[in-house]
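**Student:** this is the structure alone, sequence omitted:
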């Protein structure tokens, strides 16, 4: 059954990151929108927007395009964005899908949810940036985010990433209540996702916040580049 997909990226990415996945979804007869969120276009001022502005931009997209029967998918940090937007567009949703994504808890920011070594990295990067932004070092990207790709591809994709506004990591959103939302919710975890370590800080803890059983998706944290066809199929089955 064809429908509409809105795909929300994680930190440092723009809508361009979804192109291989989007092409497969479109080939299956779906309409696919892949917005680049405020503050994440090349050359954007990282101080110009709040997380609330980002959420508003997604709600505006739904309303401006009169989107209905939508599968809204968020990746990684994008879990904060779709959580903020979902209650405001619930009547337009078919399903809400988190792919290796943060599921916000009450008064907890993404900064609160990551291991200490990431918090130290974010703090140091934001302090040194001059504009309160975080740049992901290549070594971290290579080892934990896209380890299932050649170094050539790792370097190419990494060169396209943009600084992430730190305030997007330090702002909370209200948790989503799936029962109150009245929309089916799914959680997918990349089978080789090493961006968060297993254990206390692992991805598996987030599905329980939604009251659902997680399902696996192929590849690493960046399977949108390395396993796009299989990832798109996971989205269609979610």
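**Tutor:** Good, I have the coordinates. As the structure is a computational prediction, the values presented were derived from the model and not from experiment. Numbering: from 1, shown residues only.
**Student:** strands along the protein, start to end?
**Tutor:** 4-8, 31-33, 70-76, 93-101, 133-134, 164-165, 185-190, 215-217 (DSSP state E).
**Student:** would you list these in JSON lines and tack on mean pLDDT, mean neighbour count and distance to residue 41?
**Tutor:** For every residue, glycine as well, the C-beta is placed using N, CA and C. Formatted as JSON lines, those follow (pLDDT from 0 to 100; neighbours: other C-beta atoms under 10 Å; distance: least, C-beta to C-beta, whole Å):
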{"stretch": "strand 4-8", "mean pLDDT": "98", "mean neighbour count": "25", "distance to residue 41": "15"}
{"stretch": "strand 31-33", "mean pLDDT": "98", "mean neighbour count": "18", "distance to residue 41": "16"}
{"stretch": "strand 70-76", "mean pLDDT": "98", "mean neighbour count": "26", "distance to residue 41": "18"}
{"stretch": "strand 93-101", "mean pLDDT": "98", "mean neighbour count": "24", "distance to residue 41": "21"}
{"stretch": "strand 133-134", "mean pLDDT": "98", "mean neighbour count": "23", "distance to residue 41": "13"}
{"stretch": "strand 164-165", "mean pLDDT": "98", "mean neighbour count": "26", "distance to residue 41": "12"}
{"stretch": "strand 185-190", "mean pLDDT": "98", "mean neighbour count": "23", "distance to residue 41": "26"}
{"stretch": "strand 215-217", "mean pLDDT": "96", "mean neighbour count": "17", "distance to residue 41": "27"}
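**Student:** where does the protein have its least confident helix or strand?
**Tutor:** None of the helices or strands of the chain scores lower by mean pLDDT, DSSP states H and E than helix 178-181, at a mean of 94.
**Student:** hmm, who's touching that one?
**Tutor:** By C-beta atoms under 8 Å, 6 or more residues apart in numbering, the residues outside helix 178-181 that reach it are 86, 87, 90, 96, 184, 185, 210, 211, 212.
**Student:** which of those sits closest to residue 165?
**Tutor:** For the contacts of helix 178-181, the residue nearest residue 165 by C-beta to C-beta is residue 86; the value is 21.6 Å.
**Student:** ok, the closest residue to residue 12 other than its chain neighbours to residue 42 distance?
**Tutor:** Closest residue to residue 12 apart from its sequence neighbours, by C-beta to C-beta, 6 or more residues apart in numbering: residue 161 at 4.1 Å. Taking C-beta to C-beta, to the nearest Å as the measure, residue 161 falls 10 Å from residue 42.
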